[in-house]
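K.L.:
Pasting the sequence and the predicted model now:
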Amino acid sequence: MYLTIVMNFADRMIVGWNLSDNMTAHDTTIAAFRRAARKSGFQANNQIMFHSDRGVQYGCTEFTLLLKEYNCTQSLSRKGNCWNNTVAESFFKTIKCECLDNFKFKDQESALSIIFRYIEGWYNTIRIHSALNGNSSLEAFYEKVRILAA
């Protein structure tokens, strides 16, 4: 199974994700991006920077057209340069250590349930991040809203 995420770098919140049984762009990057767009209210005038690795799902025509539809600027790591993806790679290490390594999944539905509870019920809402001064993603988000409203 393949877990694809869209993370807001500023507050480390996973704003979109999808679990699929194949690596097609439709079921990985496109599905996760569309979820993120619905959840976050992306609009064509938001000037979003979308950074990813150089996987074929991120570079295919279907996905790049979707990014253009939302007026996103795509940023890809240089070939062989994994340092630009450290935040996403850190998330995948964290979910493996804190969650996935503790289970043996019998099917995709059970994996989906556990991943949902981890991302939406723990990682985005409660788990603290050193990069956010010991706050959770949700607390960092509300702090940003408070500052913008002031």
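P.N.:
The structure has been received and is ready for your questions. Residues are numbered from 1 along each chain as shown.

K.L.:
could you pull out the strands for the protein?
P.N.:
Taking DSSP state E as the criterion, the chain carries its strands at 2-8, 13-20, 49-52, 73-76, 128-129, 135-136.

K.L.:
Any idea which of the ones you listed gets closest to residue 34?
P.N.:
Proximity to residue 34 (C-beta to C-beta) singles out strand 13-20 among the strands of the chain, at 7.3 Å. Every C-beta, even on glycine, is put in place using the N, C-alpha and C of the backbone.

K.L.:
Do you have the helices of the chain handy? List them.
P.N.:
Counting by DSSP state H, the chain has helices at residues 29-40, 56-59, 61-69, 86-98, 108-118, 137-149.

K.L.:
Packing partners of the first one?
P.N.:
What it means is helix 29-40. strand 2-8, strand 13-20, helix 61-69 (3 or more C-beta pairs under 8 Å, 6 or more residues apart in numbering; DSSP states H and E).

K.L.:
May I have the longest one exported as CSV, CA atoms only?
P.N.:
Written as CSV, here are the backbone C-alpha positions of helix 61-69 (Å, rounded to 0.1, in the frame of the first residue of the first chain):
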residue,chain,number,x,y,z
THR,A,61,1.3,15.6,-17.1
GLU,A,62,-2.0,14.8,-15.2
PHE,A,63,-0.6,16.0,-11.9
THR,A,64,1.3,19.1,-13.3
LEU,A,65,-1.9,20.2,-15.0
LEU,A,66,-3.8,19.9,-11.7
LEU,A,67,-1.2,22.1,-10.1
LYS,A,68,-1.6,24.6,-12.9
GLU,A,69,-5.3,24.6,-12.4
